[in-house]
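A.B. asks: Requesting a structural model of the entry that follows:
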Amino acid sequence: MVLNYLWIAFFLIAFVVALVRLIFFQDLEIFTALMNATFENAKTGFNISLGLTGVLTLWLGLMRIGEKGGMVAVMSKAIGPFFRHIFPSLPKDHPAYGPMMLNIAANMLGLDNAATPMGLKAMKEMQSANKKKDTASDAQIMFLVLNTSGLTIIPISVMVYRAEMGAANPADIFLPILLATFFSTIAGLISVAIVQKINLLNRVVLAYLGGLSLFIGAVIYGLSQLDKDEIRIISLLAANIILFTIIVTFILMAVVKKVNVYETFIEGAKDGFQIAVKIIPYLIAILVGIGVFRASGAMDILIRGIEWGVASLGLNTDFVEALPTALMKPLSGSGARGLMVDAMKMYGADSFVGRVASTIQGATDTTFYVVAVYFGSVGIRKTRYAVVCGLIADIAGIIAAILLGYLFFA
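C.D. replies: Modelled structure (predicted):
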């Protein structure tokens, strides 16, 4: 329902803004720009789906090997006590636990290509226990919000873009991003827990969250002892070593259990192709809506309004030029990435705006993209409170990113 109203709002606001620009400013090209945006974003949505096809086919094939080899069951037991408290509606040792854990781990390592297939696999497994197939279950909402909050330990992609834009220390946003995503994740977890009446003060939950906090603290301390080049090399190397080790472990455990690895891979890979095809209309719909909203100039109007409001309160407005990235981030990952690069290009990679925009880019995930892809993959149309809680996580991450920007870079 939320996506329905949002999609309508994108088009109506874009239409009104375009009419104003045509009538009062004689902008004769505005409606041409809107139509071009619809075609371009429809093409983009289809191309993204095609790009996902190969990755989904690969990873869902590997997941099937992990399932039959027993590795997914081992991972489920490791995280099971925590998941049983925040996913109370899922049975003990539910098959969704394994891919959920892999998805969260891949996100933490900044490996988006690996995270998405695992997330879609988890969503499919949870759908099997969902009594209302067109409505998001409590477990699916909790998982989606944790996913979109984007807890990241190693923000590889942001550091790469900063290096390409000439940053003196591309890794200087590492600590702010880590802290911002931690706040985002906690905010998302708490918001869903309140709605679902989940007790987060349980000693098991506190033990896992405390352990995660200590782990993040240890990572921060260890990497803070290194220079920028060492951080980038070790981060990239560690992420890929961990990922490939998981793949080899899946295969070896399957071999020990005398599983036909090749046939099992093919069996799982077929699901990946089917899921990739299924998400195409959902992805195109959300990207086209975002595209016309942006092309109309409504995004710029919103930013200038925020700047005026902040200035009226007598507050510092230096961060406002980084807001396009913040406003676009929940809507479009590629759009936010482009705006981050644009901010670094205009103001400099090492400027306050450039660093804040980079921190915002890494602070949270793309809520509406994740909702469209994850829920669309299993045919869910009624998202309930998933979007609201996802946006709470986004807002917490963005506010934290801005405040941390002032703390670290002002």
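
A.B. asks: only C-alpha atoms for contact and neighbour calcs from this point on.
C.D. replies: Fine.

A.B. asks: Where does pLDDT dip in the stretch 151-300 of the chain?
C.D. replies: 153-154, 156, 223, 228, 231-232, 235-236, 239 (pLDDT under 70).

A.B. asks: Going along the chain, name the helices of it.
C.D. replies: 156-164, 174-196, 203-224, 228-256, 261-278, 280-295, 298-312 (DSSP state H, counting those that start in this stretch).

A.B. asks: now the angle from the shortest one to helix 228-256?
C.D. replies: The one in question is helix 156-164. 150 degrees (axes from the mean of the first three to the mean of the last three C-alpha atoms, to 10 degrees).

A.B. asks: Alpha carbons of helix 156-164, as PDB, please.
C.D. replies: C-alpha atoms of helix 156-164 as PDB (Å, rounded to 0.1, in the frame of the first residue of the first chain):
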ATOM      1  CA  ILE A 156      34.900  -1.100  -0.500                       C
ATOM      2  CA  SER A 157      32.900   0.600  -3.300                       C
ATOM      3  CA  VAL A 158      32.800   4.000  -1.600                       C
ATOM      4  CA  MET A 159      36.600   3.900  -1.000                       C
ATOM      5  CA  VAL A 160      37.200   3.000  -4.700                       C
ATOM      6  CA  TYR A 161      35.100   5.900  -5.900                       C
ATOM      7  CA  ARG A 162      36.900   8.300  -3.600                       C
ATOM      8  CA  ALA A 163      40.300   7.000  -4.900                       C
ATOM      9  CA  GLU A 164      39.100   7.500  -8.500                       C
END
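
A.B. asks: between that helix and helix 174-196, how big is the angle?
C.D. replies: 150 degrees.

A.B. asks: elements contacting helix 156-164?
C.D. replies: On a contact count with 3 or more C-alpha pairs under 8 Å, 6 or more residues apart in numbering; DSSP states H and E, helix 156-164 meets helix 228-256, helix 352-363.

A.B. asks: If you count neighbours, what's buried in it?
C.D. replies: Of all the residues in helix 156-164, those buried under the rule 16 or more other C-alpha atoms under 10 Å are 156-159, 161-162.

A.B. asks: So which residues make contact with stretch 328-335?
C.D. replies: Stretch 328-335 is contacted by residues 287, 290, 325, 336, 361, 364-369, 391, 394 when judged by C-alpha atoms under 8 Å, 6 or more residues apart in numbering.

A.B. asks: wait, which of these is closest to Ile8?
C.D. replies: Ile290 (10.8 Å; C-alpha to C-alpha).

A.B. asks: just to revisit the earlier point, quick one, which of the helices and strands packed on helix 156-164 is packed in tightest?
C.D. replies: helix 352-363 (a mean of 31; mean count of other C-alpha atoms under 10 Å).

A.B. asks: before we move on, back to that, next, format the helices and strands packed on helix 156-164 as CSV and append distance to Leu189.
C.D. replies: As requested, the helices and strands packed on helix 156-164 are arranged in CSV below (distance: least, C-alpha to C-alpha, whole Å):
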stretch, distance to Leu189
helix 228-256, 25
helix 352-363, 15
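
A.B. asks: closest one to Phe174 among those helices?
C.D. replies: helix 352-363 (8.2 Å).

A.B. asks: OK, contacts around Pro117?
C.D. replies: Pro117 makes contact with 55-56, 59-60, 103, 272, according to C-alpha under 8 Å, 6+ apart.

A.B. asks: what do you get if the cut-off is 6 Å, keeping everything else the same?
C.D. replies: Leu56 (C-alpha atoms under 6 Å, 6 or more residues apart in numbering).

A.B. asks: which residues does the residue most central in space within the chain contact?
C.D. replies: For the chain, the residue sitting closest to the mean C-alpha position, by C-alpha atoms, centre = their mean, is Asp365 at 2.6 Å. Contact partners of Asp365, counting by C-alpha under 6 Å, 6+ apart, are 148-150.

A.B. asks: one more time with 8 Å
C.D. replies: 147-150, 329-330, 333, 394.

A.B. asks: and if you look at Ser149?
C.D. replies: 181, 184-185, 188, 363-365, 390, 393-394, 397.

A.B. asks: Could you point out the helix or strand that follows the strand or helix carrying Leu60?
C.D. replies: Per DSSP states H and E: Leu60 is located in helix 30-69. Following helix 30-69 in sequence order, the next helix or strand is helix 71-86 (DSSP H and E).

A.B. asks: what's the angle from that next one to helix 174-196?
C.D. replies: Using the same axes, to 10 degrees: helix 71-86 against helix 174-196 is 60 degrees.

A.B. asks: counting contacts, what elements does helix 71-86 pack onto?
C.D. replies: helix 30-69, helix 97-108, helix 203-224, helix 228-256.

A.B. asks: quick one, that helix and helix 30-69 angle?
C.D. replies: 110 degrees.

A.B. asks: Kindly format the C-alpha coordinates of helix 71-86 as PDB.
C.D. replies: Provided in PDB are the C-alpha atoms of helix 71-86 (Å, rounded to 0.1, in the frame of the first residue of the first chain):
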ATOM      1  CA  MET A  71      27.100 -26.000   5.800                       C
ATOM      2  CA  VAL A  72      24.000 -23.900   5.900                       C
ATOM      3  CA  ALA A  73      22.700 -26.000   8.800                       C
ATOM      4  CA  VAL A  74      26.000 -25.400  10.700                       C
ATOM      5  CA  MET A  75      25.700 -21.700  10.200                       C
ATOM      6  CA  SER A  76      22.100 -21.700  11.200                       C
ATOM      7  CA  LYS A  77      23.000 -23.300  14.500                       C
ATOM      8  CA  ALA A  78      25.700 -20.700  15.200                       C
ATOM      9  CA  ILE A  79      23.300 -17.700  14.800                       C
ATOM     10  CA  GLY A  80      20.100 -19.700  15.700                       C
ATOM     11  CA  PRO A  81      19.700 -18.500  19.300                       C
ATOM     12  CA  PHE A  82      19.800 -14.800  18.300                       C
ATOM     13  CA  PHE A  83      17.500 -15.300  15.300                       C
ATOM     14  CA  ARG A  84      15.000 -17.300  17.300                       C
ATOM     15  CA  HIS A  85      14.500 -14.200  19.500                       C
ATOM     16  CA  ILE A  86      14.200 -11.600  16.700                       C
END
